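J.: Return a 3D structure for these sequence lines:
(chains A and B, ligands or ions: 3)
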Amino acid sequence: MSKNSIKINDFVVRFANVNGTGSASANTMFAKSIFRMGVPMTAKNVFPSNIQGLPTWYEVRVSEKGYLGRSEAVDMVVCLNPQSLKKDIATVKPEGYFVYDSTKLLSKDLLREDINYVGIPMTEICLREYSDPRMRQLFKNMVYIGGLAALLDIDLEVVKSVIADEFKKKPKLVEPNINALQLGVDYVKSNFQYPLNIRMEKRNLVGNKIVIDGNKACGLGAIYAGATVAAWYPLTPSTSLVTAFEKFANQYRVDPETGLKKFAIVQAEDELAAIGMVIGASWNGARAFTSTSGPGISLMSEFLGLAYYAEIPTVLFDIQRTGPSTGMPTRTQQSDILSCAYASHGDTKQVLLIPSTPKECFEMTANAFDLAERLQTPVIVMLDLDLGMNDHLSDPFVWEQNRTYDRGKVLNKEELENSATFGRYLDIDNDGISYRTLPGTSPTKGSYVTRGTSKDEYARYTEESAEYVKGMEKLSRKWETAKTMTPKPEFYQPHNKSKIGIVFFGTTLFSALESMDKLAEKGISVDAMRVKGFPFAKGIEDFIDQHEQVFVIEQNRDAQFRSLLVNELEINPKKLLKVSNYDGMPITADCILTQMLPKINPEGHEIHAHNKSVNYDL
Amino acid sequence: MSYIKPPFRHPDLPTNEVGYSKKDYEGAISTLCAGCGHDSISGAIVQACYEMSIEPHLIAKFSGIGCSSKTPAYFLSNSHGFNSVHGRMPSVTTGANLANRDLIYLGVSGDGDTASIGMGQFVHAIRRNVNMTYIVMNNGCYGLTKGQDSATADFGSLSKGGSTNMFQAIDLVGLSMELGATFVARSFSGDKTQLIPLIKAAMSHQGFAFIDVISPCVTFNNNVGSTKSYDYVRDHVETLSMMDFVPDKTEILVDYAEGDSKSVELHDGSAIQLHKLASGWDPTDRNLSFDRLHQSRDKGEILTGLIYIEPNGSELHSVINTVKKPLNSLSEKDLMPSLATLELINEDHR
Ligand SMILES: Cc1ncc(C[n+]2csc(CCOP(=O)(O)OP(=O)(O)O)c2C)c(N)n1
Ligand code: SF4
Ligand SMILES: [Mg+2]
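T.: Ligands and ions are numbered 1, 2, ... in the order given. As a prediction, the model looks like this:
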């Protein structure tokens, strides 16, 4: 084994499995065990668009320093997939470890001089111990988890507690799984020196944090926010958001006496119908939402224009994946920025909320419903596959005890009947937001026809240019109002200290912060800003103005967010430098550094002491 | 649901049981071509709603895009309306219905809006048995875009421009029957005696009620050779039944000759009383309805009347088991789990 220095709580393990073999839950238990040892970790599922039989990977990064971005330097590969052996061996970094099923001998040409091989005869052990073919397959996963526990010095009691929780509903399975785990432990202990130079030590670094994926957090947010109607069409990676909503709704929204449901979920015939139902339900006063990804956004565009122009609250989640077209359906990207910001033909602009963590997913979901009803317009919550489908370390969810729903300017019967005149599109408060009425409110007042055609302030069809322009100007005023309501950016320094700034959003957060530290190690200090919404709130333009060079870090080819900044804030494009990763994998700090370093203006920064930034909110 | 005293109006105007005059059900002045069949249908809707004594604000009206889809502006001006996008009226209506099951939902559409761009949504609204009335104002052409053939134009019919339609027509009545629609009817815009009771019955029906109304386009499709022209329909219509609609409050008087009439009771207690023209007609027998439909089609006749009804189907809300209270009326108290629950959920993820 390597004589390398010992690395504690700082390594990356990559599992190479075959899709559909039950490895996913074993790998999750591995990650959970790390977390329960009190050490920050991040897990990424790299899976194919396929149900069974293709290679799938699962990466766990353990980071005492709290770095939660992806890292390409893989210290250990655990390979259960003969198909991808060769490629997997190549991904181990020098001095790293390759753990494999040694039931079959590795062929000579697969041997690398610069890495360590750890062969555990998993298949053989399972053939010996179990007769049922299904058990042989499933327990193989626990055998390697046991092996890893010994190799990496993971506390066995912790692993056992995770297993007990995993099978809470099927307690009969706990013991056999623990037995399988032990088989792996025993094999390693009697055949290898353990633990390895990469290993775990218990810490107390995760506090009261939780581990959850963003889609689930949004689904729960929609429950707390009072959503009652969900319409959707299956599309990876957005599906699990609605599934989570449904699961929570069945738990918390069923009348215990009657068994009747305080929610309606409809699997629509396509995304057009899904958004149509959401618009119809919202128009009629229910909180409704749909969840989709890029291809769905394209299909929903016509309706999004209607909701913008006719001013109908609409909540929509876009879990971005790799485009164009069907692209890489199970890989991540932030490439729907422009298609969402300007979704639909004509002069349309849409409000975006961009969370980075599960906690923000939960909160921004609740805020999206308030904002959509307050502004009477679509609000698109922009996640990406990485945030939506991968488990993330996050601060726990919080909810204000007496939070009420902001239903916006909706006139009730008394208000309506006491008002002098009702005009659906009158701008009485001069903020671009008009008063609306719901069907059924009053038999004498407040009815109107909602339409996507041009109309006057009383919602009557008109082709008068002046009336049309008046309506469009009202929408512009509303856009200005929206700027005061979208979330403010987050800054990662008390005061600006450099002439160089970095700007990012969504899941780029993790690697961006890590790259700040790496730059600081090189004596380069930069200021950082994370944007959380669109239209751009106050402060964003100032930050850009205050820096000479601004790197916009994002996960798409064409630097879409940079274009949005240039376009909306009228910034000289030369000032905004693009840093991007768009290969479908989450961006890494190294990738950011490699692109930034050659472009950094040597005069632009002052050298500051290394200032660690791990204590940011999750 | 709220009931309120209607506003003051001229004492001479007759009012219905809930105190509204017919004027309260009218809309803005139509801008369609003079003689357009769609206007007659709007008139029938006004009359039906007035006669049914539904408070106008308890109806919500929907449409897509087309001359036909403009009509919600021309009837029921005291009802909220939603003129949506081309072909997507069914989804918007479905969503609205999910939000508030207590209102009456009326969708109007055109043959282009339904049988082409909106076919998917039409089919799925039927499949879900959304509790709504769906009227297609069927003129066999795209009126608003100046007369192109629609998918319901009959094979071999001549367009205004003189070209012959080379494609099979889609029969929306046969299609909706095939899909299991629980109320299927056809009528003619000019036949108010038949159309008004049909609309009333459709609006009382619990579930998806479809009425295909042949509605000639005087500007683009009233020419010789078109099977949707006034002349053609007048000559080829075959009426299955004449019917009365009897609201639940009215006593049902059985005064028809045995073998000629039939009464179908609807879910809300109202009834459809059929005076049969066709012998042995029973609109609750699906197979019989199919046979009859095919016979007429073979003869080149347009079968009208209540063709099929299943009065006891389960509409969408009962299928998905939603609470009786409209979802849009639920408040924080009904919807928001407790803070303790949130803490448990947090704990589950540690
Ligand atoms: C997405 C889209 N495509 C095309 C149109 C143009 N368009 C407007 S109405 C119409 C056809 C309407 O035909 P039909 O529904 O039969 O209504 P009619 O005018 O005959 O009553 C078309 C194609 C549109 N409004 N939207
Ligand atoms: S063009 Fe045809 S369908 Fe349109 S309004 Fe005129 S007559 Fe009616
Ligand atoms: Mg038409």
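
J.: And A:Ala249, its phi and psi?
T.: Backbone torsions for A:Ala249, taken as degrees, to the nearest 10, come to phi -60, psi -40.

J.: ok, it to B:Thr322 distance?
T.: 11 Å (CB to CB, to the nearest Å). For the C-beta atoms, the positions are set from N, CA and C on the backbone; glycine is no exception.

J.: Now for those two: what residues contact both?
T.: Both A:Ala249 and B:Thr322 are in contact with A:261-263, where contact means CB atoms under 8 Å, 6 or more residues apart in numbering or on different chains.

J.: which of the residues you listed has the most neighbours?
T.: Highest neighbour count within the shared contacts of A:Ala249 and B:Thr322, by other CB atoms under 10 Å in any protein chain shown: A:Phe263, with 27 neighbours.

J.: give the contact list for the nearest residue to that one once chain neighbours are set aside.
T.: With sequence-adjacent residues excluded and distances taken as CB to CB, 6 or more residues apart in numbering or on different chains, A:Phe263 is closest to A:Ala249, at 4.6 Å. Contact analysis of A:Ala249 by CB under 8 Å, 6+ apart lists A:223, A:261-263, A:265.

J.: ok, now A:Ser291?
T.: With CB under 8 Å, 6+ apart, A:Ser291 has these contacts: A:215, A:218, A:230, A:232, A:238-239, A:241-242, A:316-317, A:319.

J.: most neighbours, which of those?
T.: Counting neighbours by other CB under 10 Å, the top entry in these is A:Cys218, with 34 neighbours.

J.: returning to that earlier point: quick one: the residue nearest to A:Phe263 from B:Leu327, how far?
T.: Distance of A:Ala249 to B:Leu327, given as CB to CB: 12 Å.

J.: what about the closest residue to A:Asn50 other than its chain neighbours, distance to ligand 3?
T.: Counting by CB to CB, 6+ apart, A:Asn50 lies nearest to A:Asn19, which is 5.9 Å off, once chain neighbours are set aside. In this view, A:Asn19 and ligand 3 are 49 Å apart by CB to the ion, to the nearest Å.

J.: and A:Asn19, how many neighbours?
T.: Residues near A:Asn19, counting by other CB under 10 Å: 17.

J.: mind listing what it touches?
T.: For A:Asn19, the contacting residues are A:47-48, A:50-56, by CB under 8 Å, 6+ apart.

J.: repeat that for 10 Å
T.: A:Asn19 makes contact with A:47-56, A:81, according to CB atoms under 10 Å, 6 or more residues apart in numbering or on different chains.

J.: mind listing the helices for the stretch 151-300 of chain B?
T.: B:172-178, B:192-204, B:230-236, B:286-299 (DSSP state H, counting those that start in this stretch).

J.: Buried residues of the third one, list them for me.
T.: Just to be clear, that refers to helix B:230-236. Across helix B:230-236, burial judged by 16 or more other CB atoms under 10 Å in any protein chain shown covers B:230, B:232-233.

J.: re earlier: format the contacts of A:Ser291 as a markdown table; extra columns: secondary structure, distance to chain B and pLDDT.
T.: Below are these laid out as a markdown table (DSSP: H, G, I helix; E, B strand; the rest coil; distance: CB to the nearest CB, whole Å; pLDDT from 0 to 100):
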| residue | secondary structure | distance to chain B | pLDDT |
| --- | --- | --- | --- |
| A:Asn215 | helix | 13 | 98 |
| A:Cys218 | helix | 14 | 98 |
| A:Ala230 | strand | 10 | 98 |
| A:Trp232 | strand | 12 | 98 |
| A:Ser238 | coil | 18 | 97 |
| A:Thr239 | helix | 19 | 97 |
| A:Leu241 | helix | 16 | 98 |
| A:Val242 | helix | 14 | 98 |
| A:Leu316 | strand | 13 | 98 |
| A:Phe317 | strand | 17 | 98 |
| A:Ile319 | strand | 19 | 98 |
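
J.: Closest one of these to ligand 1?
T.: For the contacts of A:Ser291, the minimum distance to ligand 1 (CB to the nearest ligand atom) is 19.7 Å, reached by A:Leu316.

J.: Give the helix, strand or coil label for the nearest residue to that closest one once chain neighbours are set aside.
T.: Spatially, and ignoring its direct neighbours in sequence, A:Leu316 is nearest to A:Ile380 (4.9 Å; CB to CB, 6+ apart). The three-state label given to A:Ile380 by DSSP: H, G, I helix; E, B strand; the rest coil is strand.

J.: hey, what's A:Ile380 bridged with?
T.: Taking DSSP bridges as the rule, A:Ile380 bridges to A:Leu316, A:Leu352.

J.: A:Gln401 is in contact with B:Glu332, isn't it?
T.: No. If you go by CB atoms under 10 Å, A:Gln401 and B:Glu332 don't touch, sitting 11.3 Å apart.

J.: With neighbour numbers in mind, choose between the two.
T.: More neighbours surround B:Glu332 than the other of A:Gln401 and B:Glu332, with 13 against 6 (other CB under 10 Å).

J.: my read: that one touches A:Tyr405, true?
T.: Yes. If you go by CB under 10 Å, B:Glu332 and A:Tyr405 touch, sitting 6.1 Å apart.

J.: Thanks a lot, catch you later.
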